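A.B. asks: Sequence and predicted structure below; questions after.
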Amino acid sequence: MRIGVGVGSFGGGDGGIDSQVEQTVIAEADGFEAAWFTHIRGADSLISVALAGQATSRIELVTGVIPVYSREPLLMAQQALTANSVADGRLTLGIGLAHPETAPRTWNHSYDRPAHFMYEYLSVLQPLLNEQTVEFHGDMISTSGSLELAGVMPPSVLLAALGPRMLRMAAELADGTLLWVTGPKTIRTHIAPKLAEAAKASGRPRSRIVAALPICVTDEPDKARERVAKGLGRYGQLVNYRRMLDIEGVAGPEGVAIVGNEAEVEAQLRDLADAGATDYFAAFITLSRDDDQSIPRTRELLKGLIGKI
């Protein structure tokens, strides 16, 4: 299982571009295999990727995730190819649908038939990323055009896929799924089997399963889980994540957080890999605003596990 780290707020810094670039440089120097750029209310993740790509040479740069309702597929393809050109082909484009609770009020976009919208979106996006001219007129998206960025490597694409139809698309039309607050039981019994079935049926290679979860190496696990519940509990109220937490059998994100001492956290990471996760992305959690020990301690453990899980 490959190990990557969040940059920005989940990396222990702020959401500014300078902080994200600095954290990516440090992550590469520490040997981490990927840097995960969240796309919430901070800097635009594709711009951050482009700048971080100029400052690094090896580390994978992953957006996680850009809501597709926020930009049309031609614009998404243009920006992704531009960023990937600057980053020497190290971009992995993570995209998703967002949530019925957020899409209408944030982007003034209907959440009607979301999986079908994603199917049409990918039907336009993937050809554009691969230097093809598009003429597409579907039920929800209609566009025609092409891009003139010859010779730019198309980025790998990951979907924030949780439900059966989205998981099928993640295997058939993309390169896998990027998960958030989804635990090992859910990966083992729901995510991995559906991806494997769809990949086999379509003749595609094994899908990536990227599991992003809160983590804290600490001798006070209860306090860490309380911190997760307070800071990330809102995700348990979103219907898409709520379904995954129900499969896991936990009350909220605190129930899937990876917390404990070094031995306990390592065991939880190994269970995640055994469940089918191909990648783990760390979202660092502290015990308090003044806690300056948890993140260094957690990073030190993760550095020692690179290439060993």
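C.D. replies: Noted; the coordinates are in hand.

A.B. asks: where do the helices sit along the chain?
C.D. replies: Counting by DSSP state H, the chain has helices at residues 17-29, 45-55, 73-86, 103-107, 114-129, 164-172, 184-186, 192-202, 221-232, 239-248, 262-275, 294-305.

A.B. asks: Please convert those helices to TSV, extending it with distance to L149, mean pLDDT and mean neighbour count.
C.D. replies: Backbone N, C-alpha and C define where each C-beta goes, glycine included. Below are the helices of the chain laid out as TSV (distance: least, Cβ to Cβ, whole Å; pLDDT from 0 to 100; neighbours: other Cβ atoms under 10 Å):
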stretch	distance to L149	mean pLDDT	mean neighbour count
helix 17-29	23	96	19
helix 45-55	13	97	22
helix 73-86	5	97	21
helix 103-107	26	65	14
helix 114-129	10	97	21
helix 164-172	25	98	21
helix 184-186	38	98	21
helix 192-202	28	97	17
helix 221-232	37	97	18
helix 239-248	33	96	17
helix 262-275	36	98	17
helix 294-305	35	98	18
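
A.B. asks: Would you mind putting the CA coordinates of stretch 81-89 into CSV?
C.D. replies: Provided in CSV are the C-alpha atoms of stretch 81-89 (Å, rounded to 0.1, in the frame of the first residue of the first chain):
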residue,chain,number,x,y,z
LEU,A,81,-3.6,19.2,-18.9
THR,A,82,-2.0,22.6,-18.2
ALA,A,83,-1.2,21.6,-14.6
ASN,A,84,0.0,18.2,-15.7
SER,A,85,2.3,19.8,-18.3
VAL,A,86,3.9,21.9,-15.6
ALA,A,87,4.1,19.0,-13.2
ASP,A,88,5.8,16.7,-15.7
GLY,A,89,3.0,14.2,-15.8
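
A.B. asks: what residues are up against A150?
C.D. replies: Each residue near A150 by Cβ atoms under 8 Å, 6 or more residues apart in numbering is listed here: E131.

A.B. asks: quick one: it from A50, how far?
C.D. replies: From A150 across to A50, the span is 19 Å (Cβ to Cβ, to the nearest Å).
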